[in-house]
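**Student:** Got a predicted structure here, sequence first:
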Amino acid sequence: MAARPVVLIIIDGLTPSMLEATDAPALRFLLDHGSYRRAVSTFPSLTPVCLASIATGGHGETHGIPHLVWWNRDEQRLVEYGSSFAALRAATGVVQGLRDTVVNLNERHLLRSAETIYEALEDGGLTTAAINITTYRGRHRHLSPIPGFPPVHGPRRFFFYSVYESDRTGAPIAFLNRSLGSIDAYAATVGRWLVTRNGFDLLVHYLPDYDYASHALGPGAAYEALARADAAISALFDAAGGPDAFLERYGVVLCSDHGQVQVEHAAPLHVPGALVTASNRAAMLYGDDPRALAEALDGEPAVDVALFLEDGEVVARRDGVEDASLLDDYPDGHARAAGALRNPHSGEVLVSAAPGWEFHDLAGRHHVGGGSHGALAAEDSVVPMLTVGVGEPPASIIGIKGLLLAHFGLVRAEVAA
């Protein structure tokens, strides 16, 4: 008997406390009918890194996406995925920045050795669909009607911010008014179209507008954005004939990609002898002497911990103290630090911000007064994880791929766990 199709819902930046306290009807219905736990993200806990970890089932060493902004050693240039519009212009220019974010992340930066959930399921004869997800690499070639955007390879049914659309759905323009939830509204329309046609085995329903609002308002204040995300989920329910009918047809995984923490202070990060790539609550230093670069951060109030490899081993340094036990302070700290440092695109030193602090991006932008994320700390890294009809929720976002493969019978359940 064929496994039920699954909808993977990712609400960007949703914190466990906001979900657990919600009275939003669709989210409450799923909480009341599913299995729930708090799980752990990856490091740096920044959206491109996290979504790549969800898609590939591994940390940075598996997928190769290191940060929002990084130094491409092969091309000797910066890559900036959109820390802010000003940072995009400052780092690479808007055209190159958009090409990196929309196209190159999947076509060139994501390691060829990594297998995405779309590739794995479609190699198994299943149909995958994705809406707005930034890590989307799949087996099917898609053209864009917008001049300047080259073909990309994604899931069979692929919808990316109105830039790539495998099918005509009647959805509004995604970027019409993001502050009022236009991207989630686009996802709702496309998702309704797909559910009406039962057009997938896996649908990744990505809702980023909550994170946008949380950056501006703070992690505990984005109630209107959460209500709009809930409406985008309700649209799927309605297309199936109601919440109960939806769960009769589909399994569900619901999570966020990272947490969010209130930001009170921001600072630029300048280290002599290093090329610094910083954004939100994580930074990377590129240079020839990792130990010296880490030592230069001692006493910096914005820095919590600096990480580097020495003789192949992870070194954690805080204000002159080096002790592997420092990583015990963070959820799954040892594995997440090691996976990030062994990413072939990462800097020689990785930096996690101190509580309440954020690093300026390349244009000097920050989120003081609002929310941010990226650090190893629990608030940045702990996410809600809910499953309905697909097994128990995994302890980490890197477990989602294995859970789905097991659900569809493509790996043994004990291997997925």
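**Tutor:** Okay, I see it.

**Student:** contacts, neighbours, all on C-alpha from now
**Tutor:** OK.

**Student:** Contacts for the one helix or strand residue 252 maps to, please.
**Tutor:** Secondary structure from DSSP states H and E places residue 252 in strand 251-255. If you take CA atoms under 8 Å, 6 or more residues apart in numbering as the criterion, strand 251-255 is touched by 4-11, 14, 383-390, 393.

**Student:** what pairs with it, and is each one parallel or antiparallel?
**Tutor:** strand 6-11 (parallel), strand 382-388 (antiparallel) (DSSP bridges).

**Student:** Now do the shortest one: distance to the chain's middle.
**Tutor:** Here strand 6-11 is found 13 Å from its chain centre; the criterion is CA atoms, centre = their mean, to the nearest Å.

**Student:** Which secondary structure elements does the helix or strand that it is followed by sit against?
**Tutor:** Note on strand 6-11: by DSSP H and E, the next helix or strand toward the C-terminus is helix 16-21. Judged by 3 or more CA pairs under 8 Å, 6 or more residues apart in numbering; DSSP states H and E, helix 16-21 is in contact with strand 382-388.

**Student:** Sketch out the low-pLDDT regions of the chain for me.
**Tutor:** For the chain, the stretches with pLDDT under 70 are 1, 175-181, 412-417.

**Student:** Tell me how it divides into domains.
**Tutor:** 6-63+102-260+376-416, 265-369 (automatic domain parsing).

**Student:** Next, format these as JSON lines and append mean neighbour count and distance to residue 88.
**Tutor:** As requested, those are exported to JSON lines (neighbours: other CA atoms under 10 Å; distance: least, CA to CA, whole Å):
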{"stretch": "domain 6-63+102-260+376-416", "mean neighbour count": "21", "distance to residue 88": "13"}
{"stretch": "domain 265-369", "mean neighbour count": "20", "distance to residue 88": "8"}
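
**Student:** Of these, which is nearest residue 90?
**Tutor:** domain 265-369 (6.1 Å; CA to CA).

**Student:** centre of the chain versus the helix or strand following the strand holding residue 252, how much separation?
**Tutor:** Scanning forward in sequence from strand 251-255 by DSSP H and E, the next helix or strand is strand 261-262. The chain centre lies 17 Å from the centre of strand 261-262; the measure is CA atoms, centre = their mean.

**Student:** okay but residue 103 is in contact with residue 152, surely?
**Tutor:** Yes: between residue 103 and residue 152 there is a contact under CA atoms under 8 Å: 6.6 Å.

**Student:** would you turn the strands paired with strand 251-255 into JSON lines with distance to residue 404?
**Tutor:** Converted to JSON lines, these look like this (distance: least, CA to CA, whole Å):
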{"stretch": "strand 6-11", "distance to residue 404": "8"}
{"stretch": "strand 382-388", "distance to residue 404": "11"}
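
**Student:** Can you tell me which of those strands is nearest to residue 28?
**Tutor:** strand 382-388 (11.3 Å).

**Student:** Would you check the distance separating that closest one from the middle of the chain?
**Tutor:** 14 Å.

**Student:** Can you name every helix or strand that the next helix or strand after that strand contacts?
**Tutor:** Next helix or strand after strand 382-388 toward the C-terminus (DSSP H and E): helix 400-407. Using 3+ CA pairs under 8 Å, 6+ apart, the elements in contact with helix 400-407 are helix 47-56, helix 117-123, helix 413-416.

**Student:** Need those helices in JSON lines (columns: distance to residue 71).
**Tutor:** Listed next are these as JSON lines, based on distance: least, CA to CA, whole Å:
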{"stretch": "helix 47-56", "distance to residue 71": "15"}
{"stretch": "helix 117-123", "distance to residue 71": "27"}
{"stretch": "helix 413-416", "distance to residue 71": "33"}
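
**Student:** hang on, the earlier thing: so which of the strands paired with strand 251-255 is nearest residue 343?
**Tutor:** strand 382-388 (21.5 Å).

**Student:** could you give the angle of that closest one to helix 400-407?
**Tutor:** 10 degrees (axes from the mean of the first three to the mean of the last three CA atoms, to 10 degrees).

**Student:** where do the strands sit along the stretch 51-200 of the chain?
**Tutor:** 69-72, 77-80, 128-131, 140-142, 152-154, 157-160, 164-165 (DSSP state E, counting those that start in this stretch).

**Student:** for these, which one sits closest to residue 245?
**Tutor:** Closest among those, using CA to CA: strand 128-131, at 20.5 Å.

**Student:** Residues in contact with the closest one: which ones?
**Tutor:** 118, 121-122, 136, 155-161, 187, 190-191, 200-206.

**Student:** Please apply the same query to stretch 261-273.
**Tutor:** 218-219, 276, 278, 287, 293, 296-297, 302, 356-361, 364, 366-373, 379-380.

**Student:** Spatially nearest residue to residue 45 (excluding sequence neighbours)?
**Tutor:** residue 374 (4.0 Å; CA to CA, 6 or more residues apart in numbering).

**Student:** and the one you found, what is it in contact with?
**Tutor:** Residue 374 sits next to 43-46, 258, 280-282, 352, 380-381 when contact means CA under 8 Å, 6+ apart.
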